[in-house]
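Engineer: take a look and give me a structure for this.
(chains A and B)
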Amino acid sequence: MRLGPKIVPCLVSMLPAGILLAIPCAGAAFGTVVPIRGTVSDIALDETRGYVYAANLSAGQIEVMSTFNRALLAPLGVPLPPSCLAMSADDRFLVVGELAPPGAQGQGGLTVFDLVTGGRQDARFNGSALAVAFGAGSQALMVTTTGIFLIDPFSAKTTALAPTTLVSLNLPAPLATFPPQIVQAGAGVSGDGNTIVVMATVQTASQYLLLRYSVPSGALTAEVFTTSPPLTPFAVAVDRDAANVLAGWVLFRRLNQQSYNWAQFPNNAGSPNPGGANPGGSNTAPPIIGTNAWDLGRNWIYAQQTVTGDGPVLHIVDTDNLTVRERIRIPENLAGRSIISSDDQILYAASVSGITILPIGQLYRTPQIATQEEDLMFQGDACNRAVITQTVDIVDPANTGADFTLSLPQGTQGIRILTPSGVAPAQVQIQVDPVVFQGAQGTTAIPLTIATSAGVNLPFPVRLLINTRDFNQRGTVVNVPGKLVDILADPVRSRVYIVRQDKNLVLVYDSATLQLVASLRTGNTPMKMSITSDRRYLIVGNDNSQIANVFDLDTLQPAAPILFPFGHYPRTLGVSLTDIFATARIAGQNPCSGSGSSALDRIDFANGVANPPANLGIYQNCLSSANGALAESPGNLSLMLALPDGNVMLYDSSVATWVDSRKDFTALAGAYGAFSDNLFLADVNVLNAALVPAAQFPATTASSSGMGVAGGVGLRATAQSASGAGLIERVDLGTLTTYHGTALTEAPLLPSYLNTPPMGLIGQTILPFIRTLAVPADQSSILLLTISGITQLAPDFDAITQIPAISSVSNAADGSDEVAPGGLVRVAGAGLAPGSVSAAGLPLPSALGDVCVTVNSVALALFSVSPSSIVGQLPFVPAGASKILVRGPGGTSSAYGFKILPQAPAIFRTGTAGTQTGLATVIRNDNGELIDPTNPIHPNQSLTIYLTGMGTTAPLPDLGAMAPLSPLALVDAPPTVTLGSASLNVIFAGLTPGEVGVYQINVQVPAHVQEGTSVPLTIMQGGSSTSLPVRVVAP
Amino acid sequence: MNWKKLCCAATIASGVASAQIWEFGVVGGLGYAPNLSVRQASATASAGLGHGAAVGVYGGEDTYRHFGGEVRYLYSFGNLEASSNGASVRFGRRTHTIAGDILIYPRPTESRVRPFLALGGGVEILDGTGRESAAQPLGQFVALTHTRETLAVGDVGAGFKIALSEHLRLRIEAHDYAGPSPKKVIAPAPGASIGSFMNEIVGTISLAFAWSGRIEAR
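Structural biologist: Numbers count the residues shown, from 1 in each chain, chains lettered A, B, ... in the order given. Got it, this is the predicted structure:
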């Protein structure tokens, strides 16, 4: 056995020499299992002696495992089936709690081992011992089915603190029943040793006691919670001062003498042992697997939960909201208590076979595979059908050279992974043939799955986002990875807020630059947002936290959250001038007195609490579903509540009550919101001030996704398919008709696109209602949540644009009409682009600002576009007569004929010096300044000349890509350079490293040159030449 | 033109005549060159040598009672200057001036104080020594250039000698060296025009050693 990663063999063959060959299949697992004959109900760590004690419930003894060699030593005998055990803080006493065995007439017991003297004492009591723990004091706290006791380990005498009526499974148990299903309790101790926390079962599979015992004061507090699914695993992890307790699947935070569900693990299956058959033989039996351990040193939590299909996977999660950081394969399911050694190096856990040892201190040195990118975007366009290549960076944080294998969904076409497997670190190129995807018109998202056999983690997949927009599709896409479920513009600040549900974040973007400003941590599984009517606070509902987060928008810091009643998970929020309401998923008792599965909560913002009102005006507070959505009107005068069954309700803040409730539809979903205080949208239906249907947008195959108002005109976004184009159109708020429908670069999000198979303990709750459109406060753009992230539209996205017309093609250096392949050109004309846009970086795109350009059907790489001019790099097409086309929102230009020469050197006239502009880019190397009459050329100087149009090079970089530094790209046709009658020695002629389409010639001026104020500096290459008058003085 | 050759030629020429008193002195003083006018379209600027200190040596003889001759070398340093409309630029420079003069004395040799008038000519070698820059201010008028330019100069001067002792002479004088304006060190920008002639007025004080001698006329 070893502590390192263990390869799980799936195929074993016998070689001729008799050597067993294990072939990795399912991947490595982290940790080592020490099997024990029997079943482990609890463990304790004796660091003084180097032992782990395991209560072997079925064998009726305490197993002793050496932490040095993992060997099982002679067990300690106990008279009754041991259910729990604990070590005293000084490692002197081991206290074992025992169940009442069959035929014992309900008498359990305890045994105290004095590990210093070798003595032992036994005691009996009525009931069964469920949990025992030592804090920093000298006495142990034991919880039994009948009471809570303090145990003096010196005398084994018990002192009753309080009676209980807790349950465990009476022995004898049915076949294939395991300790957690029998004991149904767990205990944990805070890092400071001052608080012991015990969870135990009041009523099997539904009701649980959370007990806190203060070691210094002896105070005992008990809370009982009803949960569904069962509050498992029966493992309790406590932080340093017991302010936070992770018990089962709930992270409790202690506030105002109460425990609140601050976050909970999503996707808890609640069914017995997902790794195998139901060992209890009953659906009501609690699952046996799972554990919780609080790593105080690293400030994270190790947890395994009952997740369908997840297998033996340990999650490393954040301590504030249980955000999943990593998923680690472990050799088998854990079952019960976990203990971390005092040096934070080893985690020992009770597991289904015995004891599992996880060397958590070595995790960072253990092979793992990850990618630096969450998404890879492949942006094609109407002009560019060439294969697009992107690189995914695969890393092994431990730098152990872990292997990886990349794969695509079966049947995926048009994508090629150049090296599907290898060893990290690696850069893997992925090629996409846009022709295969051009029919989609929008963005096709394909998961790239990463597997590893040596790595112990489960790498997160990478999204491949392939867009093949047509030239008439509007909007610039900014990639924002993750599950984005809501967008909201700040009404007074230049910001937009986006909920990233999979990471439990609100992303704050500058609405003008779309740069990330901040990431705000929410509860678990954040849903929807709203802003208070004073515009100061952002409120966020969470589907796996019974709080709504509040953030101060002036400081972007968290404020005190809104505490919801136990069992209420806020989802959507509506802020009016008088009240704030929340839709909530309600687990447990529904406050609704009539028919309905949910209810609204009213938020008392000043006091930070929420409670369901008894009624909603004259209406019952009974909602047919928790999947409704609240929306406020722009002035917060009214709120609309839309429910999936077609119910709508209206709150009027002028009378501070709910004034309308109607059901004119059989179902509602998709877009929701208010165009004004008196006009609302629910799906395709426009509702008037009384929520009476006033209009219905034309029925199409598209689904409504978002709505908003810009410049007093309504906006509506729809999507036909996830990989399609999407549509935005204006809404005439007078006639309630739509117009100027405009295709989008990619589809806005729909709930159906967001619903994907859950992954481990990462939360996912997608409502049928969605908000994807936001108009920033200054109305300078329109922002949409779309497949790849954010799509930014100009406010005049639907402006009628003229058909592009080309008037000239010249090189972008000196403006002459001589151009060459790979050179920079300027296309002049009218209506070439709807606006002015420059490329954000390299490689240059083939489409920019809704424009693309082709020469002989091959796309240019574009630097910048404007209505009158486009600057780009000519593709490496053959020289000769050529035709150029500009495609833009207004259509396609007429073909413009021009001639491409093999070489056409042209010196840039883009230099500036002081107030001078338009200087030739010839640099005197001695002072690094441009030559001009005040900085003339002298004999023996070296010069660098920057130019374009020198044709092909070796090597030849990709179109739009930066020129390489090593090896340097040398021109295929060497130039000659003269200064007057003197020939200059050409030292280098090739592409300038790091630039696109920019060449440079390095020359040496001889000792004897012709003086003059206008001496021709001439560059000849192939059959072309260019000349520049320069001042030469000697000496 | 090679200035060393010129120097020797001037010395030989002045030694052809028979002489009675030889002088060799060291010179120090100040030079001032009125700036030239530069015109670029409707805009104007001024440019020139500016002020500068001057040091040098001279040697000569009084061949006749009322005439003499001498050769003078002056080294001057300072800044080239250009200015226009509140903007200005300076650029290091130095000049080497070698001139041969005929001196006309109203008073005879034995007078203790002898006023004189000097007439002659020579060459001025102008070196621009500043750092060139593409962003040199007023580049639209002139380019002050790091290079060398040799200019012919005419020389007219006046002053007086005071015999402090039998062998020591004090000399106070002023010369105006006039010639064509430089076109290379102070190069007019394309399209600009610059004044054609440049004056440099140098006021000096000299201290000379004088001794008698006779050279047989050949």
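Engineer: quick one: contacts of stretch A:977-987?
Structural biologist: Surrounding stretch A:977-987, the residues in contact under the criterion C-beta atoms under 8 Å, 6 or more residues apart in numbering or on different chains are A:937, A:942-943, A:945, A:974-976, A:1001-1006, A:1008-1010, A:1012, A:1015-1020, A:1030, A:1032. C-betas here are computed from N, CA, C, even on glycine.
Engineer: so how far is that stretch off the chain centroid?
Structural biologist: 59 Å (C-alpha atoms, centre = their mean, to the nearest Å).
Engineer: tell me the mean pLDDT for that stretch?
Structural biologist: The pLDDT scores in stretch A:977-987 average 96.
Engineer: how about it as CSV, C-alpha atoms only?
Structural biologist: The C-alpha coordinates for stretch A:977-987 follow below in CSV (Å, rounded to 0.1, in the frame of the first residue of the first chain):
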residue,chain,number,x,y,z
VAL,A,977,18.7,49.5,-51.3
THR,A,978,20.5,52.6,-52.6
LEU,A,979,21.1,56.0,-51.3
GLY,A,980,21.7,58.3,-54.2
SER,A,981,24.3,56.5,-56.1
ALA,A,982,25.6,54.5,-53.2
SER,A,983,24.5,50.9,-52.5
LEU,A,984,23.6,50.2,-48.9
ASN,A,985,24.5,46.9,-47.3
VAL,A,986,21.3,45.0,-46.5
ILE,A,987,21.7,43.2,-43.2
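Engineer: and the residue of the stretch 601-750 of chain A that's closest to chain B?
Structural biologist: Chain B sits closest to A:Thr745 of the stretch 601-750 of chain A, with a gap of 44.2 Å, by C-beta to the nearest C-beta.
Engineer: does that residue touch A:Asn472 like I think?
Structural biologist: No: applying C-beta atoms under 8 Å, one finds A:Thr745 not in contact with A:Asn472, separated by 10.3 Å.
Engineer: distance of A:Leu970 from chain B?
Structural biologist: 29 Å (C-beta to the nearest C-beta, to the nearest Å).
Engineer: may I have stretch A:52-72 exported as CSV, CA atoms only?
Structural biologist: Taking Å, rounded to 0.1, in the frame of the first residue of the first chain, the C-alpha atoms of stretch A:52-72 are listed here in CSV:
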residue,chain,number,x,y,z
VAL,A,52,-6.3,5.1,14.1
TYR,A,53,-9.0,3.3,16.1
ALA,A,54,-12.0,2.1,14.1
ALA,A,55,-15.2,1.0,15.8
ASN,A,56,-16.0,-2.3,14.1
LEU,A,57,-19.7,-2.5,14.7
SER,A,58,-20.4,-5.9,13.3
ALA,A,59,-17.2,-7.5,14.7
GLY,A,60,-17.8,-6.0,18.2
GLN,A,61,-14.2,-4.7,18.6
ILE,A,62,-12.1,-1.7,18.1
GLU,A,63,-9.6,-2.1,15.3
VAL,A,64,-6.2,-0.5,15.7
MET,A,65,-4.4,0.6,12.6
SER,A,66,-0.9,1.9,12.7
THR,A,67,-0.6,5.3,10.9
PHE,A,68,3.1,4.5,10.1
ASN,A,69,2.6,1.3,8.1
ARG,A,70,-1.2,1.0,7.9
ALA,A,71,-1.0,-2.4,9.5
LEU,A,72,-3.9,-3.7,11.6
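Engineer: what sits closest to the closest residue to chain B within the stretch 201-350 of chain A if chain neighbours are left out?
Structural biologist: In the stretch 201-350 of chain A, the residue that lies nearest chain B is A:Arg325 (54.4 Å; C-beta to the nearest C-beta). Counting by C-beta to C-beta, 6 or more residues apart in numbering or on different chains, A:Arg325 lies nearest to A:Ile316, which is 4.7 Å off, once chain neighbours are set aside.
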